[in-house]
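Engineer: next come a sequence and a model predicted from it.
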Amino acid sequence: MSLADDLATLRASARDRLSAATSADAVEALRHELLGRSGELTVLLRALGTAPEAERPALGRAANEVRGEIEATINGRLETLRGADLERRLSDEALDMSAPGRAVRMGHLHPVMTLMRDLREIFHAYGFEVYEGPEIETDEYNFELLNIPPDHPARDLWDTLYVAEPGSVEAGDPRPAEDGTILRTHTSPVQVRAMRALDLPIRVITPGRCFRYEAVDASHGFEFHQIEGLVIDHDTSLADLKGMLEEIARALYGRDTRTRFRPGYYPFTEPSVAFDVTCLVCGGPGCAACGRTGWMTILGAGMVHPEVIRSGGFDPDEVQGYAFGLGPDRMTMLRHGIGDIRLFFSADLRFVTQFAEGR
Ligand SMILES: [Zn+2]
């Protein structure tokens, strides 16, 4: 018999044997028998060297064809048999009525999200709606419409992360996008967005993430949360702001909480205030957490600047309003006695699962 006949015989026999195999293991055994180091095809290939030189190229091609066909058949059979195996296992399981149930692992809220939801409920009780804005903003909304024109020294207060001009990173020459796209440095741009979109009276909170180019340490992250509050109406005064913030502080920390206003500065509010509550750790006498003052600043606030009212499309002689910004990250640290803000974004389950209880 010639080598060509041997190849044809092997081809037919491999096909028959593979289609007769009834398990993945049997197919794997056949792979070894046929293609292994001393497999049937391998032995034939070795014999190729003894064939007349003129016939060798054609025989080589034929042998490769047979190898390819065998490999394809093996893979096809394995796929079919493994699929059938899986189906059999699944149906066996489905029929096993005595098997114990499997506990479903439920996720839960991140402690910062829990605090933000609590705040939403408190604000909801005072008639605030949630109004969200984009995390990727324009320079116009983030700065200009908030009374912070280009080159205004107040811009130094925000270390901004710029979105790169398309293609400039790939070209090895990263530069800020020409359309002024940035990551918002605060939730305040939503003040103007809300004024432009909503009818009076406006009473909204904006919970969300903000981004700054900060050196990251235990109390600063480049990514953090804010909750912006905005009230716009006719005849809104600083007294309304003070009354509202005192109510919020008591709802958060108890009826005995004392509060105070200190002068503050923001370009988009005038006047601006820092709002303090009695230290949540020591309750007044002074401790390390409050810098021995007995007070803690929980938010910044102020009357919305007339320029910002104008940006929102209203006449500052007709309508006024107040705005405030809370820091949920710091509030969560105080609530749970967490000493390092970096844990919030560490993706470490050992940290997060501590807050699973009851959620
Ligand atoms: Zn204290």
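Structural biologist: Perfect, thanks for sending it.
Engineer: for the chain, what lies in contact range of the ion?
Structural biologist: Residues of the chain found near the ion (C-beta under 5 Å from the ion) are Cys279, Val281, Cys282, Cys287, Cys290. Backbone N, C-alpha and C define where each C-beta goes, glycine included.
Engineer: now those residues in a markdown table, with neighbour count, pLDDT and secondary structure?
Structural biologist: Converted to a markdown table, those look like this (neighbours: other C-beta atoms under 10 Å; pLDDT from 0 to 100; DSSP: H, G, I helix; E, B strand; the rest coil):
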| residue | neighbour count | pLDDT | secondary structure |
| --- | --- | --- | --- |
| Cys279 | 20 | 85 | coil |
| Val281 | 12 | 78 | coil |
| Cys282 | 16 | 82 | coil |
| Cys287 | 14 | 83 | coil |
| Cys290 | 20 | 80 | coil |
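Engineer: tabulate those residues in JSON lines, adding columns for distance to Leu183.
Structural biologist: As requested, the residues of the chain next to the ion are exported to JSON lines (distance: C-beta to C-beta, whole Å):
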{"residue": "Cys279", "distance to Leu183": "33"}
{"residue": "Val281", "distance to Leu183": "33"}
{"residue": "Cys282", "distance to Leu183": "37"}
{"residue": "Cys287", "distance to Leu183": "36"}
{"residue": "Cys290", "distance to Leu183": "32"}
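Engineer: check contacts around Pro149.
Structural biologist: Phe143 (C-beta atoms under 8 Å, 6 or more residues apart in numbering).
Engineer: same check on Leu59?
Structural biologist: Leu3, Ala4, Leu7, Leu48, Ala51.
Engineer: looking at those residues, which are in helices?
Structural biologist: Leu3, Ala4, Leu7 (DSSP state H).
Engineer: which residue sits closest to Ala14, ignoring its sequence neighbours?
Structural biologist: Distances taken as C-beta to C-beta, 6 or more residues apart in numbering place Ile70 nearest to Ala14, at 5.0 Å, with adjacent residues excluded.
Engineer: give the buried residues for the longest helix belonging to the chain.
Structural biologist: Criterion DSSP H: the longest helix present in the chain is helix 56-95. If you call a residue buried by 16 or more other C-beta atoms under 10 Å, then helix 56-95 has these buried ones: Leu59, Ala62, Ala63, Val66, Arg67, Ile70, Thr73, Ile74, Arg77, Leu78, Leu81.
Engineer: stretch 174-194 too?
Structural biologist: 176, 180-194.
Engineer: burial measure for Leu34, as a count.
Structural biologist: 22 (other C-beta atoms under 10 Å).
Engineer: can you give me the mean pLDDT across the helix or strand that comes right after the longest helix of the chain?
Structural biologist: Later in the chain than helix 56-95, the nearest helix or strand by DSSP states H and E is helix 111-125. Averaging pLDDT along helix 111-125 yields 91.
Engineer: next structured bit after helix 111-125?
Structural biologist: strand 129-130.
Engineer: tell me what that next one is packed against?
Structural biologist: strand 202-211 (3 or more C-beta pairs under 8 Å, 6 or more residues apart in numbering; DSSP states H and E).
Engineer: list the buried residues of the strand it packs on.
Structural biologist: Ile202, Arg203, Val204, Ile205, Thr206, Pro207, Gly208, Cys210, Phe211.
Engineer: ok, back up a step: okay, the ones in helices among the contacts of Leu59 in TSV with pLDDT next?
Structural biologist: Output for the ones in helices among the contacts of Leu59, formatted as TSV (pLDDT from 0 to 100):
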residue	pLDDT
Leu3	83
Ala4	84
Leu7	88
